[in-house]
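J.: coords please:
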Amino acid sequence: MMRALVAIAVAFALLCGPRSVRAHDFEPGVLVLVESDRGRFDIVWTPPVDTAGARADVNVTYPGDCTASGPLLECASGRLAGTISFEGMHGNRMQAIVIVKWADGRTFERLVSSSTPQIEIGAEPGRDARTWLELGVEHIATGFDHLAFVAGLVLIVGLTRKLALTITAFTVAHSITLALAATGVVELPRRSVEAVIAMSIVLVAREALSDRPTLARRKPWLVAALFGLVHGLGFAGALSEIGLPRDAKAFALLFFNLGVEIGQLAAVGVAAAIVAIVGARVREHRFARPAVCYAVGGIGAFWWVDRMVGIVTGSS
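T.: Coordinates of the predicted model:
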């Protein structure tokens, strides 16, 4: 069992290397359609760009009665309605913002992602809800720093009644700052926020190593809430890359946050199941628990150093 735990820790460390520090490998693309005459739209399309600055090979297809010719889109019916698809995004962790501006002043702003690489103009709200929900799940699933912090909380609290209260406190706290930051009420430097998030992982791993009656042991919900405020700012950073639709900010924010919570509950469930299954065997090896704590803390320390270097040098 000891060897298995060490192997898991090493695999997790490799998985959470430098490229995993960021939530996405591509900067979002932007498609802007501006109506110049009835059924005629000027097209401005900027594809997603990877970390090396290369543009992704993504093709945009429009509703069946609309024909794109260079920078011009013409719709025979005189109206833009139907599906806009992005071919080449699927499975590549990309996003794109779609902005439509009609001549009468109406605007439409929505997000597409690799998991749902199409958007319906005039779609029912449920389809947009699914897009933002999936984006929230995707963010927490690839947000290894947030998952590592949650793992640290599980290590501290264990499978006790305090776990539900602790996770709830973390959820409420990060939901508050996510909403405040996403709507522009609170603004803090993103790099500084990410560095504090990394340090929070180190601190919870350190507390998990000790059996002393520290604040984290006595009131883990309070510690989770305090750091949850910072993690919420980190979640908002992902939204800042994408941008909330001006005509549906509250709607998009609600379903993005719900997606984050679904992903987080799934992560807690997996962690709790692992603890329940192998917990008894782990207790037989006095070095097993410290090995896991050092692995989590070591990853957090690496991220902290990497992010602090980025702050000092100004590198991305």
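
J.: go ahead and confirm residue 130 touches residue 115.
T.: No - applying C-beta atoms under 8 Å as the test, residue 130 and residue 115 come out as separate, 9.3 Å apart. For every residue, glycine as well, the C-beta is placed using N, CA and C.

J.: packing partners for the helix or strand where residue 308 lies?
T.: Taking DSSP states H and E as the definition, residue 308 sits inside helix 288-313. The elements that helix 288-313 packs onto, with contact taken as 3 or more C-beta pairs under 8 Å, 6 or more residues apart in numbering; DSSP states H and E, are helix 2-15, helix 144-157, helix 190-209, helix 249-283.

J.: weakest of those helices by average pLDDT?
T.: Between the helices and strands packed on helix 288-313, the one with the least mean pLDDT is helix 2-15; it has a mean of 41.

J.: ok, then the element right after it?
T.: Defined by DSSP H and E, the subsequent element after helix 2-15 is strand 26-27.

J.: hang on, the earlier thing: what's the angle between the helix holding residue 308 and helix 190-209?
T.: 160 degrees (axes from the mean of the first three to the mean of the last three C-alpha atoms, to 10 degrees).

J.: from the middle of its chain, how far away would helix 288-313 be?
T.: 20 Å (C-alpha atoms, centre = their mean, to the nearest Å).

J.: tell me the mean pLDDT over stretch 107-117?
T.: Rounded mean pLDDT across stretch 107-117 is 82.

J.: roughly how far is that stretch from the heart of the chain?
T.: 15 Å.

J.: quick check: buried residues in it?
T.: 108-117 (16 or more other C-beta atoms under 10 Å).

J.: swap in stretch 201-211?
T.: Result for stretch 201-211 [16+ other C-beta under 10 Å]: buried residues 201-209.

J.: then stretch 180-199?
T.: In stretch 180-199, counting by 16+ other C-beta under 10 Å, buried: 180-182, 186, 190-191, 193-199.

J.: may I have it exported as CSV, CA atoms only?
T.: C-alpha atoms of stretch 180-199 as CSV (Å, rounded to 0.1, in the frame of the first residue of the first chain):
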residue,chain,number,x,y,z
LEU,A,180,-18.3,40.0,-6.5
ALA,A,181,-15.3,39.6,-8.7
ALA,A,182,-17.1,38.5,-11.8
THR,A,183,-19.4,41.5,-11.6
GLY,A,184,-16.5,43.9,-11.0
VAL,A,185,-17.3,44.8,-7.4
VAL,A,186,-13.9,43.4,-6.2
GLU,A,187,-10.7,43.5,-8.3
LEU,A,188,-7.4,42.0,-7.2
PRO,A,189,-4.3,41.1,-9.2
ARG,A,190,-4.8,37.6,-10.6
ARG,A,191,-1.2,36.5,-10.2
SER,A,192,-1.3,37.4,-6.5
VAL,A,193,-4.5,35.5,-6.0
GLU,A,194,-3.1,32.4,-7.6
ALA,A,195,0.0,32.6,-5.4
VAL,A,196,-2.1,32.8,-2.3
ILE,A,197,-4.2,29.8,-3.5
ALA,A,198,-1.0,27.8,-3.9
MET,A,199,0.1,28.8,-0.4
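
J.: please enumerate residues in contact with it?
T.: With C-beta atoms under 8 Å, 6 or more residues apart in numbering as the test, stretch 180-199 has contacts from 21, 145-146, 149, 177, 227, 230-234, 236-237, 239-240, 244, 249, 253, 300-301, 303-304, 306-308, 310-311.

J.: again, only using 6 Å
T.: Stretch 180-199 is contacted from outside by 145, 230-231, 233-234, 236-237, 239, 253, 300, 303-304, 307-308, 310-311, using C-beta atoms under 6 Å, 6 or more residues apart in numbering.
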